[in-house]
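[1] I'd like to go over a predicted model; first the sequence, then the structure.
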Amino acid sequence: MEPLLTWLQDLPLSMWVAQSESIWAYPFVLFVHTLGVALTGGCAAVILVRILGFARSLPFRAVRPLFPCLWMGFVLNAISGTLLFIAAATSIGYVPVFYAKLGLLLFAILTLLPVRRFIDTDRAAERDIPVRVKALAASSLLLWAGVVTAGRLTAYMR
């Protein structure tokens, strides 16, 4: 694994992100990653707490437009997160909490998919939300909190 991580970190793009004094290098990539986290986590939180029963006066059709925003944040995170990883691949590549973050992220996305399907159905207009959907929403909320926590810990454990 060491040769792959070294190769990634020695790419010209990686070196520019890690070593350039330009504000468009590491500071900008980190800003974009933070913006992506805010968009993804914020939109997910609004959708999930609505399913859990908060803001009952807010109709589900009003939270549907948050999904494209959530996915836009996810794409920003995927791109900026990749850049942050390759800039420090030889140190982050050996941090277990980084891989925990990726695992939590996978499960967080997988729990959002059935939640999205529920919101897109006509049943979402009913007053009673199935227990299964509420359980998925609660699980997803915890998973997103885990993603953010593991991401922050990764920065301190490298």
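    That came in fine, so what should we check first? Predicted model only: the values in this text are computed from it and were never measured. Numbers count the residues shown, from 1 in each chain.
[2] so which helix or strand takes in Arg116?
    For Arg116, the host element (DSSP states H and E) is helix 96-119.
[3] ok now whatever helix or strand comes next after that helix, how far from the chain's centre?
    The first helix or strand that comes after helix 96-119 along the chain, using DSSP H and E, is helix 131-157. Put simply, helix 131-157 sits 9 Å off its chain's centre (Cα atoms, centre = their mean, to the nearest Å).
[4] Helix 131-157 to helix 96-119, inter-axis angle?
    Helix 131-157 and helix 96-119 are oriented at 150 degrees to each other (axes from the mean of the first three to the mean of the last three Cα atoms, to 10 degrees).
[5] any low-confidence regions in this protein?
    122-127 (pLDDT under 70).
[6] Count the neighbours of Ile51 for me.
    Applying other Cβ atoms under 10 Å, we find 22 residues neighbouring Ile51. All C-beta atoms are positioned from the backbone trio N, CA, C, and that covers glycine.
[7] buried sites along the helix holding Arg116?
    97-98, 100-101, 104-105, 107-109, 111-112, 115, 118-119 (16 or more other Cβ atoms under 10 Å).
[8] Remind me what that helix packs against, helices and strands.
    helix 26-51, helix 66-87, helix 131-157 (3 or more Cβ pairs under 8 Å, 6 or more residues apart in numbering; DSSP states H and E).
[9] No more questions from me, cheers.
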